[in-house]
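*Asks:* attaching a predicted model along with its sequence, questions to come.
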Amino acid sequence: MKKTPLNQLHRDLGARMVPFGGWDMPVQYTGVIDEHLAVRSAAGLFDVSHMGEIEVRGAGALAYIQELTINDASTLVDGQVQYSAFCYPDGGVVDDVTLYRFAADHYLFCVNASNVDKDFAWMQKVLSEGDFSDVELTNRSDSFGQLALQGPKAAAILARLTDLNLETITYYHFAQGAVAGIPTIISRTGYTGEDGFELYCAADAVARLWQELLAAGAPDGLVPIGLGARDTLRLEKKYALYGHELSEAITPLEAGIGWITKLDKPSFIGRTVLLDQKTRGVPRRLVGIRMCEPGVPRADYPVYADGTVIGVVTSGTMSPSLKVGIALALVATEQSAIGTKLEIGIRQKRVAAEIVKTPFV
């Protein structure tokens, strides 16, 4: 398995390590619930150096990105970030990504860790088969380290280590500066639903950045956070996880990210199928489910309505914030309305649940 530059530091902190997308990663330090609540109430620090970074440069960069992605990158200005996705011609999702614009001829994609090689190969295929001049792709994943500082106290903690005015970095924007003397891309983004930042620096500097942040944030209760709480935090906010809510068999419209699917763009890969699906109506939708009886829904559990299977759980957990079982599920569109009574198949039993408004928290 691959290891991030922080692997030994995680072990020194007593983290429980698990395989994740081909990486040896910390799933928890003190416990998922404690770590989850720390992010909601104070701040948490995540090692996300396993994520991938792919650079696009050249005069034709925007035209290439417009064909590659489902969102409209032409609306971006320098220093802005955009949530987007790559689709196959049949509308299935290659990956969901964030796109950073540094200049009209310079962009950076952040892609999911388990998809880096697949994404880069897909990007190269699209480039080679299209009519794009002067576009250069570079997989820079090995040269970056990445941390996520998240929680209501994140800005106050980060401000102690940088001269940048963080108030000028608004949501889904970024700036370049120094954090603890380390050149860093400071992005006001995250995967928790809390205020916070994703910090990109050189791979050989990320361990020092981790230690400097933990020291600076200790008085405010900053603690390291593992993958377990990262998952429960994103689930409470209905943020998609590739391989669960998104996949090559699930379209963006089914997965509830139609808001980033710009069908008014003249052309992008998958547009024809997605436009047809939009016109005809999606056969299934991603919904939020809350348990009405004790029980913890998990991925791949069946969803029933009136005794018939109408869908499947894509992600589920016991919500640390709400102290009740919650789930995301793909269900038949005609039975996807808020308030619909359901049952989840849990260990040979059918447990009462209902569709609720999201995000859960």
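*Replies:* All right, it came through fine. Numbering: from 1, shown residues only.

*Asks:* switch to C-alpha atoms for all contacts and neighbour counts from now on
*Replies:* Will do.

*Asks:* for T98, see how far away G193 is.
*Replies:* Separation of G193 from T98 (C-alpha to C-alpha, to the nearest Å): 16 Å.

*Asks:* more crowded one of these two?
*Replies:* Neighbours of G193 and T98, each counted by other C-alpha atoms under 10 Å, are more numerous for G193; the result is 20 against 17.

*Asks:* sec struct for the more buried one, please.
*Replies:* Counting by DSSP: H, G, I helix; E, B strand; the rest coil, the backbone at G193 sits in coil.

*Asks:* now do A104 against L147, distance only.
*Replies:* Taking C-alpha to C-alpha, one finds A104 at 26 Å from L147.

*Asks:* which one of these two has more residues nearby?
*Replies:* L147 (22 against 16).

*Asks:* for the more buried one, what are its contacts?
*Replies:* If a contact means C-alpha atoms under 8 Å, 6 or more residues apart in numbering, then L147 has L45, F46, D47, V48, S49, E198, L199, Y200, V206, W210 as its contacts.

*Asks:* for it, name its beta-bridge partners.
*Replies:* L147 has these beta-bridge partners by DSSP bridges: D47, L199.

*Asks:* which positions in the helix ranked longest in the chain come out as buried?
*Replies:* The longest helix of the chain (DSSP state H) is helix 116-129. By neighbour count on 16 or more other C-alpha atoms under 10 Å, the buried set for helix 116-129 is V116, D119, F120, W122, M123, V126, L127.

*Asks:* now do that helix: which elements does it pack against?
*Replies:* Applying 3 or more C-alpha pairs under 8 Å, 6 or more residues apart in numbering; DSSP states H and E, one finds that helix 116-129 makes contact with helix 61-68.

*Asks:* next, the buried residues of stretch 286-306.
*Replies:* Within stretch 286-306, the residues scored as buried using 16+ other C-alpha under 10 Å are 286-292, 295-299, 301-305.

*Asks:* repeat that for stretch 211-227.
*Replies:* Within stretch 211-227, the residues that count as buried by 16+ other C-alpha under 10 Å are L213, L214, A216, G217, L222, V223, P224, I225, G226, L227.

*Asks:* is the closest residue to F174 other than its chain neighbours bridged to anything, and to what?
*Replies:* Counting by C-alpha to C-alpha, 6 or more residues apart in numbering, F174 lies nearest to S187, which is 4.1 Å off, once chain neighbours are set aside. Beta bridges link S187 to F174, E198, judged by DSSP bridges.

*Asks:* where along the stretch 101-250 of the chain do the strands fall?
*Replies:* Using DSSP state E, counting those that start in this stretch, the strands found in the stretch 101-250 of the chain span residues 106-111, 136-139, 144-150, 174-179, 182-187, 196-202, 223-225.

*Asks:* mean neighbour count, the ones you listed: which tops it?
*Replies:* strand 144-150 (a mean of 26; mean count of other C-alpha atoms under 10 Å).

*Asks:* residue contacts, the nearest residue to G311 once chain neighbours are set aside?
*Replies:* Nearest non-adjacent residue to G311, counting by C-alpha to C-alpha, 6+ apart: V331, 4.1 Å away. Shown in contact with V331 (C-alpha under 8 Å, 6+ apart): R284, R285, L286, V287, V303, I310, G311, V312.

*Asks:* V331 and Y239, how far apart?
*Replies:* 17 Å.

*Asks:* now swap in Y29 and tell me
*Replies:* Going from Y29 to Y239 by C-alpha to C-alpha gives 23 Å.

*Asks:* let me know whether K278 touches P252 as I believe.
*Replies:* No. Here K278 does not reach P252: they are 10.5 Å apart, not a contact under C-alpha atoms under 8 Å.

*Asks:* which of those two has more neighbours?
*Replies:* P252 (25 against 14).

*Asks:* isn't that one up against G258?
*Replies:* Yes. Between P252 and G258 there is a contact under C-alpha under 8 Å: 5.8 Å.

*Asks:* show me the protein divided up by domain.
*Replies:* 7-51+143-236, 283-356 (automatic domain parsing).

*Asks:* can I get those in JSON lines with mean pLDDT?
*Replies:* Output for these, formatted as JSON lines (pLDDT from 0 to 100):
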{"stretch": "domain 7-51+143-236", "mean pLDDT": "98"}
{"stretch": "domain 283-356", "mean pLDDT": "97"}
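
*Asks:* and those domains: which comes nearest V273?
*Replies:* Evaluated over the domains of the chain, closeness to V273 peaks at domain 283-356, with 13.4 Å, by C-alpha to C-alpha.

*Asks:* Y107 and A59 touch, don't they?
*Replies:* No. Using C-alpha under 8 Å, Y107 makes no contact with A59, being 11.1 Å away.

*Asks:* I am finished for the moment; much appreciated.
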